[in-house]
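Colleague: Pasting a predicted model and its sequence here:
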Amino acid sequence: MLSLRQLEVFLAVIETGSTTRAATAVALSQSAASNALSELESRLGEKLFDRVGKRLVLNANGRALQPRARALLMQAADAENLFHSDGGQLKVGASTTIGNYLLPHLLGQAGTDLPCERIEIANTDEIAEQMLRFELDLGLIEGSALHPDLVMTPWRQDEMVIVAAPVFAGYSLDDLPWIMRESGSGTRRVVEQELLGTLEGIRPVLELGSSEAIHNAVRAGLGVSCLSRHVVRQSLRSGELLVLAPERSIRRQLYLLRHRQRPDTAAVARFLAYCPAESRT
């Protein structure tokens with residue numbers, strides 16, 4: 001029967017490239033780590049690595065086993081936390097608008113009842129990659145993550161509006177310089193799909209890696225952009241920015257992202273109780 005220790009050594013060898021360094025990573029002797037890997041390969045009847053000089057390189061068999069090994073180790077860790085009163089600490093990934101604007105408000109409402117060990121803020125594609133590597137318990141994303149091992153569940157909705165400094169009032173949207181998010185961003189994907197295809201002559205002049213950077217650039221009069229109302233709410237109230245073409249505002253779906261092979265932990269269930277999905281309107 002396969003053991004969790006064998007799988008732990010297997011994953012450590014992938015990370016380090018040798019049983020010697022893997023042994024240090026998992027607090028075993030070098031001989032114990034080598035034996036664990038040999039026993040795993042013997043049990044499976046297949047080699048998992050190709051020997052290239054002194055380095056072990058993952059082969060096709062090892063690549064097939066890798067996600068399952070990660071899933072089994074994560075499920076074992078979840079089982080250890082099952083009877084803890086809080087179900088363990090959460091590792092949450094959030095795409096940038098959610099992580100910078102929506103999630104802090106929700107966590108503030110929950111207070112110490114919803115402890116998070118780590119919140120990773122990145123674009124939608126990066127959050128999906130971390131979910132696939134079992135580095136996160138839960139993802140909150142603004143775009144789509146189309147992978148058979150990932151499950152998207154509608155969570156909340158967001159409104160995106162076209163904003164500009166008052167100096168651009170009255171201009172045609174086709175004539176304005178546009179500022180865009182980077183490729184891989186859920187915001188970028190929605191704007192391209194829902195808005196830019198209906199406009200002609202759009203001139204993207206700048207691409208920035210966060211909604212906050214775009215917000216500041218738009219306030220500085222560098223151009224126009226389409227951003228979540230969560231991002232620009234204060235600037236709209238103060239008059240620093242105004243909404244252009246309100247009839248072109250976009251309602252976009254925000255999603256919960258889970259790994260299909262990983263059941264919800266008690267901590268995830270507690271998060272969803274405090275931050276439940278809202279019914280679609």
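Modeller: Structure's in. What do you need? Numbering: from 1, shown residues only.
Colleague: what's the single longest helix in the protein?
Modeller: With secondary structure taken from DSSP state H, the chain has its longest helix at helix 60-81.
Colleague: buried residues in that one?
Modeller: By neighbour count, with 16 or more other Cβ atoms under 10 Å as the criterion, the buried positions of helix 60-81 are Asn61, Gly62, Leu65, Gln66, Ala69, Arg70, Ala71, Leu72, Leu73, Met74, Gln75, Asp78. No exception for glycine: its C-beta is placed from N, CA and C like everyone else's.
Colleague: Please apply the same query to stretch 230-239.
Modeller: Judged by neighbour count using 16+ other Cβ under 10 Å, the buried positions of stretch 230-239 are His230, Val231, Val232, Ser235.
Colleague: Pick out the most distant pair among those.
Modeller: The largest separation in those, counting by Cβ to Cβ, is between His230 and Ser235 at 11.6 Å.
Colleague: What are the contacting residues of stretch 121-139?
Modeller: 67, 70-71, 73-74, 90-96, 99-100, 120, 140-145, 147, 149-150, 181-182, 184-186, 189, 255-259, 262, 265, 267-268, 271 (Cβ atoms under 8 Å, 6 or more residues apart in numbering).
Colleague: So what does Arg21 have for phi and psi?
Modeller: phi -70, psi -30 (degrees, to the nearest 10).
Colleague: Name the nearest residue to it, ignoring sequence neighbours.
Modeller: Among residues not flanking Arg21 along the chain, Ala12 sits closest, at 7.8 Å (Cβ to Cβ, 6 or more residues apart in numbering).
Colleague: wait, doesn't that neighbour sit right on Ala22?
Modeller: Yes. Using Cβ atoms under 8 Å as the test, Ala12 is close enough to Ala22 to be in contact (3.7 Å).
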